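[1] here is a sequence with its predicted model. Questions after.
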Amino acid sequence: MALDHFAIIESTLREGEQFSGANFTQDQKVKIALALDEFGVEMIELSSPVASPQSEADVRRIVGLNLNAKTLTHIRCNRDDALRALDTGVDGLDIVIGTSAALRKHSHGKTIDEIIDLAREVLVWVRHQAPDIILRFSTEDSFRSNEADLLRVYLAVAQMGVVNRLGVADTVGIATPNQVYNLVHMLRRLTGLDVEFHGHNDSGCAIANAYAALEAGATHVDTTVLGIGERNGITPLGGLIARLYMSSRDVLIRKYRLEKLYELDHMVAEMVGVQVPFNNYITGSTAFTHKAGIHTKAVLAAPETYESIRPEDFGLSRHVQIAHRLTGWNAVRNRANELGLALTDTQVKAATQAIKALADQRIVTPEEVDDMLRAYAIAGQVS
Ligand code: HCA
Ligand code: CU
């Protein structure tokens, strides 16, 4: 099924700022916002202006860039925060309050009825102040909340008729794709409102959960570049793109400038002091590297045999590795051709055996393989 109607809420400048290594300067935030806008994300979520004076200045600066992406800021469910946020001129407010027993006890101490009353007071007030603001209400820790409590809160909020979007948050990364599907599907069915999914990756399900949310009819998914965020983070932008590519390549090509992903991942990695992991979706160093002889033969003949993602769609290229014991003679022949060496099949096969024998002894470099192939070519001319 091709997924078509969805928007990315890119939260590198909010959830991402909660990553251990993130200490963005205002200029870095501007760079990230511009790069995300160029990539084409629909919405950019910013840390609350209440967090610190610099945070407020940063929100104002990014709002002032007049990006194509809508600017949102993320605040607690209270009027003071909302007033400060509205004053920055953002396009939308993402309001959140915890509903799980743990958060009700240790975070704000409110009952479900009190949460509903507070939500009414704040949301109705915001809508009155700012009739055009994009208003979202979300419950924190949705998947550890009592389901009946959760439904009461969402239905009450939906009935207020003042929010554009409901958010569900897998705050501690415990949800499974089935659980996400069921909750999102129920909210869509019962309220008809837009639904956003925000999922942490503690148990490795963040991408699958985001995709399940979209399958269930979610309209918005939160991501951060490389997945950075609290603890081990949330759904990574590149990972969501990779997942969506499998069902909706044409939609992605239409909506986003995919060739910007590599730069984006590497820029943010550098800013937060980490490497892009070797196995990162699309932009990791080995994402398009083929090694075993059986694979390299097929990929050289027809890349789609072992590639579900076309590197060219992301401005990248594949890499065929031949300097190892699993190498195959078709790939070695391909390399000889690239070097302009006229080798017979017998020579290529002999060279392949020589590479394998050497690789059984020690690590072989690509340069050594090239030298070996040149030596076979010269020997061939002499004999
Ligand atoms: C957090 C809050 C949040 C909020 C998500 C949302 C979460 O714990 O910092 O507003 O949708 O994961 O619950 O990021
Ligand atoms: Cu979060």
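    That came in fine, so what should we check first? Numbers count the residues shown, from 1 in each chain. Ligands and ions are numbered 1, 2, ... in the order given.

[2] show the contacting residues for the nearest residue to residue 26 once chain neighbours are set aside.
    Closest residue in space to residue 26, ignoring its immediate chain neighbours: residue 58 at 5.2 Å, by CB to CB, 6 or more residues apart in numbering. Where C-beta positions appear, they are placed from N, C-alpha and C, glycine not excepted. If you count contacts by CB atoms under 8 Å, 6 or more residues apart in numbering, residue 58 has them with 13, 24, 26, 29, 46-47.

[3] cross these against helices and list the overlap.
    Among the contacts of residue 58, DSSP state H puts 26, 29 in helices.

[4] from the contacts of residue 58, which is closest to ligand 1?
    residue 47 (10.3 Å; CB to the nearest ligand atom).

[5] who in the protein is up against ligand 1?
    15, 18, 74, 94, 96, 138, 140, 167, 169, 171, 198, 200, 230 (CB under 6 Å from any ligand atom).

[6] for ChimeraX, what selects the buried ones among those?
    Those of the residues of the chain next to ligand 1 that count as buried under 16 or more other CB atoms under 10 Å are selected in ChimeraX with:
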select :15,18,74,94,96,138,140,167,169,171,198,200,230
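
[7] what about the residues of the chain next to ligand 1, which are in strands?
    Cross-referencing the residues of the chain next to ligand 1 against strands under DSSP state E gives 74, 94, 96, 138, 140, 167, 169, 198.

[8] ranges for the helices of the stretch 151-300 of the chain?
    177-191, 206-215, 237-255, 261-271, 293-301 (DSSP state H, counting those that start in this stretch).

[9] out of those, deepest packed?
    helix 206-215 (a mean of 25; mean count of other CB atoms under 10 Å).

[10] where's the residue nearest to residue 26, which helix or strand?
    helix 53-63 (DSSP states H and E).

[11] buried stuff in that helix?
    Buried-residue list, helix 53-63, by 16+ other CB under 10 Å: 55-56, 58-59, 61-63.

[12] which one of these sits closest to ligand 1?
    If you rank the buried residues of helix 53-63 by distance to ligand 1 using CB to the nearest ligand atom, residue 55 comes first, at 14.3 Å.

[13] wait, that closest one touches residue 47, no?
    Yes: if you go by CB atoms under 8 Å, residue 55 and residue 47 touch, sitting 5.0 Å apart.

[14] would you mind splitting the chain into its domains for me?
    3-272, 289-382 (automatic domain parsing).

[15] want to throw those into CSV with distance to residue 280?
    Formatted as CSV, the domains of the chain follow (distance: least, CB to CB, whole Å):
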stretch, distance to residue 280
domain 3-272, 7
domain 289-382, 12
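
[16] okay, the nearest residue to residue 377 once chain neighbours are set aside: pLDDT?
    Among residues not flanking residue 377 along the chain, residue 341 sits closest, at 4.2 Å (CB to CB, 6+ apart). On pLDDT, residue 341 comes in at 97.
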